[in-house]
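Q: have a look at this fold, sequence not included:
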């Protein structure tokens, strides 16, 4: 079989590997569509704090069950599935208390300690495999993962229905976080970005309160939209120095700021403002089973739409071109999808 190995920073090579065999409690899947995530791009550029070569990337997975190992009864060959990519020990404090997404011994498929889905076949634990509606495409199944990031972020932030929400960044994660907030009963949702094309996508999803902070005074716009008030919660879906600074500087006293994006490196925090205004900074990592279940339901019901998210498609042999487009064409490339199998 072929696999796209992230061999070194800036280089991915397609190589031949043996087809893996599923063991007890495991499933061999055939990846069909694999999304290129912001984390993959950070890793490719040598900017991710935790993902390093050599590894096969790919954790946004739409696949078909190929073969089930001994003891697996809930899945069958041919099923369309997606995969929750966090692999956990099950014994540490966080696993024992229900927060396994921050397992002390966390491995992540396609990121840390386990090869990902940019390959023709892979073996994964059966409990991490989620069937999706049979009428879905593999590409739609692959988008469950980023949707689950947004769903978990809303829950992790302690969101309450009726709260007004500010979302910084209208990339994939920002758009699904905004939709999750709406699905869970937010009041007004303001989406902010520097790129007009991304704000147009937000409008296409029904978000009328959008602000281009390259051309507008954000705080002034927020007070206009919220009738003199400021948002109750802020979700930083970019996590670069300017967005973190913006979040802290415009936050009303007592506001909770949820950091959803993955910083490329160390960021400084205006701690004098955090202290003086009793601001809360909350991190959110990945998701749990309930977030995957909810994401599939919300996507199937139409409460969260991924229509039009995929802007570019490439075959696995074109993986270097795919990464080039994803990294260098921010204005037009929202989600670049790698087609792995037929």
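A: The structure has been received and is ready for your questions. Being a predicted model, the structure only gives us computed values, none of them experimental.
Q: just the helices in the stretch 1-150 of the chain please.
A: Here the stretch 1-150 of the chain has its helices, by DSSP state H, counting those that start in this stretch, at 38-44, 93-96, 138-142, 144-156.
Q: mean neighbour count and mean pLDDT for the ones you listed - can I get that in JSON lines?
A: Where you see a C-beta, it was placed from the backbone N, CA and C, and this is true even at glycine. Output for those, formatted as JSON lines (neighbours: other CB atoms under 10 Å; pLDDT from 0 to 100):
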{"stretch": "helix 38-44", "mean neighbour count": "22", "mean pLDDT": "94"}
{"stretch": "helix 93-96", "mean neighbour count": "14", "mean pLDDT": "98"}
{"stretch": "helix 138-142", "mean neighbour count": "24", "mean pLDDT": "98"}
{"stretch": "helix 144-156", "mean neighbour count": "26", "mean pLDDT": "98"}
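Q: partner strands of the longest strand anywhere in the chain, with direction?
A: When the chain is parsed with DSSP state E, its longest strand is strand 26-36. As defined by DSSP bridges, the strand partners of strand 26-36 come to strand 60-68 (antiparallel), strand 122-125 (antiparallel), strand 335-339 (antiparallel).
Q: distance from it to the middle of the chain?
A: 17 Å (CA atoms, centre = their mean, to the nearest Å).
Q: coming back round to it: any chance of the strands paired with strand 26-36 in CSV, plus distance to residue 142, mean pLDDT and mean neighbour count?
A: As requested, the strands paired with strand 26-36 are exported to CSV (distance: least, CB to CB, whole Å; pLDDT from 0 to 100; neighbours: other CB atoms under 10 Å):
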stretch, distance to residue 142, mean pLDDT, mean neighbour count
strand 60-68, 4, 98, 24
strand 122-125, 14, 98, 22
strand 335-339, 7, 97, 23
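Q: so which of those comes closest to residue 106?
A: Ranking the strands paired with strand 26-36 by proximity to residue 106 (CB to CB) places strand 122-125 first, at 13.9 Å.
Q: first vs last residue of stretch 246-266, how far apart are they?
A: 17 Å (CA to CA, to the nearest Å).
Q: buried sites along that stretch?
A: In terms of neighbour count (16 or more other CB atoms under 10 Å), stretch 246-266 has its buried residues at 246-248, 250-251, 255-264.
Q: among these, which lie within helices?
A: Within the buried residues of stretch 246-266, residues falling in helices by DSSP state H are 246-248, 250.
Q: tell me which of these is nearest to residue 60?
A: Taking those together and measuring to residue 60 by CB to CB, the closest member is residue 247, at 25.9 Å.
Q: residue 231 is in contact with the closest one, correct?
A: No. Counting by CB atoms under 8 Å, residue 247 stays clear of residue 231, with 9.8 Å between them.
Q: what touches both of the two?
A: Counting by CB atoms under 8 Å, 6 or more residues apart in numbering, the shared contacts of residue 247 and residue 231 are residue 166.
Q: thank you kindly, that will do.
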